[in-house]
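K.L.:
Here's a sequence, model it:
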Amino acid sequence: MILVTGASGHLAKAILQHLTQTGAAATGATRHPGSSDQLRALDFDVPATISFEGVETLVMVSAGTEEDDVVITRHNNAITAAERDGVRHIVYTSLTEAGDHLGFALAHRWTERRLQSGKAQWTILRNGLYAELIGHLLAPHEGVISAPFGHGGVAAVARQDLAEAAAIIARNPGIHGGRTYNLVGNIVITGQNIADTLGAEYRPVKLTELRQALDSTAMLPFQPPMLLSIHSAASHGFLEETGTDITDILGREPLNALHIAAAAATA
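P.N.:
Residues are numbered from 1 along each chain as shown. From the prediction side, this is the model:
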C-alpha cells in the first residue's frame, strides 16, 4: 500500500490521481478527511493519530506552511511513526537545491537529514518552485507587472509534472532508494517573459515596496518574509539553474512552465 499525506492539498491530490489512474494500491491521509471514506484521518500535530500500519511506501508531502519549529516537529512525528510501523520506503517532497536562500528551506533540509539518518529507505524529491506560484507572483495589475523580480528568473516546473514524478517513484521505490533528485524546470521564467507572453508591461518595484504592501495584508507574521525571499532570490539569479532529473523520471520533456505560469497569472 502507498499512502500520500497532505491529501487535501493540490500536490498530494495530483499524486493520488496519478497513482490511482495507473492501478496502484494507494490512499491518502489528511487532518480533516470529512465524509470521504477514501482518506485516512492523520494529524502530524497529534502523534497518537499517526498510524501507518499496512503502509509499505509513504509519500510524505511537506506539512504545510508554518514556522520552522512547527513543521520540523510535524515531520519528525511522521517519520518516527513510519519507522515504528515498519514503513519500508519514504518519498519526501523537499525543496530545490537552489532553494537554500529561501525563507522556508530550513525545515526541508532538516527533514532530509532526519530521513538520511533514520531506519527506513528514502528518496528525496527536491522540487522546484511551481510554475503556478510564479505566475501568481507575476500577475499583472492594470496591464503592469510590478513584482520585484529584477532581471532574474526561476527554473520553475509544473505542479502536475512534480506529482507525476512522485507517483512514478512511489510505484517502484526500490530503484530510487537513497537517491536525491533535483526536480527543476528546463527553462527559466522571468518577469519579462511573462509580460511579453501576456502583452503586459514589466516595471519591477523594489523589495521594500512589496514588503510594505504585504504588511498591510492579513498574512501570518512568518509569511511575508517567505514571499520576499522568493523575489529576492529570483531577482539576484539564485533560482535559475535548470536540470534534467524531471525529464529522466518522466521519460518526456516537462510541460511548458512559461505557458502554465502565464495562465496562472491571468487566472
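
K.L.:
On the pLDDT front, check Asp37 for me.
P.N.:
In this prediction, Asp37 carries a pLDDT score of 63.

K.L.:
now His32
P.N.:
80.

K.L.:
does it really touch Gly6, like I thought?
P.N.:
No. Counting by CB atoms under 8 Å, His32 stays clear of Gly6, with 11.6 Å between them. To be clear about C-beta, it is placed using only N, CA and C from the backbone, and glycine gets the same treatment.

K.L.:
Those two - which one has more neighbours?
P.N.:
Gly6 (23 against 9; other CB atoms under 10 Å).

K.L.:
give me every residue that touches the more buried one.
P.N.:
12, 29-30, 61-64 (CB atoms under 8 Å, 6 or more residues apart in numbering).

K.L.:
Helices - which of those land there?
P.N.:
Ala12 (DSSP state H).

K.L.:
now the contacts of Gly6: which count as buried?
P.N.:
Buried subset of the contacts of Gly6 (neighbour count, 16 or more other CB atoms under 10 Å): 12, 29-30, 61-63.

K.L.:
for those, which one is nearest Thr80?
P.N.:
Ala63 (13.5 Å; CB to CB).

K.L.:
check contacts around Ala131.
P.N.:
Counted by CB under 8 Å, 6+ apart, Ala131 has contacts 156-159, 185, 189, 255, 257-258, 260-261, 264.

K.L.:
Can you tell me which of these end up in helices?
P.N.:
Per DSSP H, those map to helices at 159, 257-258, 260-261, 264.

K.L.:
Strands along the chain, start to end?
P.N.:
2-5, 26-30, 39-41, 57-61, 89-95, 121-127, 144-145, 153-154, 179-183, 189-190, 201-202 (DSSP state E).

K.L.:
The contacts of Ala131 into a markdown table, with extra columns for distance to Ser232, pLDDT and neighbour count?
P.N.:
Shown next, in a markdown table, are the contacts of Ala131 (distance: CB to CB, whole Å; pLDDT from 0 to 100; neighbours: other CB atoms under 10 Å):
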| residue | distance to Ser232 | pLDDT | neighbour count |
| --- | --- | --- | --- |
| Ala156 | 16 | 98 | 27 |
| Val157 | 20 | 98 | 30 |
| Ala158 | 24 | 98 | 22 |
| Arg159 | 23 | 98 | 21 |
| Gly185 | 20 | 97 | 30 |
| Ile189 | 16 | 97 | 28 |
| Leu255 | 27 | 98 | 18 |
| Ala257 | 21 | 98 | 28 |
| Leu258 | 22 | 98 | 21 |
| Ile260 | 23 | 98 | 24 |
| Ala261 | 19 | 98 | 27 |
| Ala264 | 21 | 97 | 20 |
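
K.L.:
just curious, which of the residues you listed is nearest to Leu239?
P.N.:
Ala156 (8.3 Å).

K.L.:
And the closest residue to that closest one other than its chain neighbours, how far from Ile72?
P.N.:
Nearest residue to Ala156 in three dimensions, chain neighbours excluded: Ala131, at 4.2 Å (CB to CB, 6 or more residues apart in numbering). Distance, Ala131 to Ile72, using CB to CB, to the nearest Å: 28 Å.

K.L.:
Next: Ile15.
P.N.:
For Ile15 relative to Ile72 (CB to CB), the value is 23 Å.

K.L.:
Then Ala81?
P.N.:
On the measure of CB to CB, Ala81 and Ile72 end up 15 Å apart.

K.L.:
quick one, which of those two is more surrounded?
P.N.:
Ala81 (21 against 18).

K.L.:
Let me know the pLDDT of the closest residue to Arg109 other than its chain neighbours.
P.N.:
Excluding the flanking residues, the one nearest Arg109 by CB to CB, 6+ apart is Asp100, at 7.3 Å. We have a pLDDT of 96 for Asp100.
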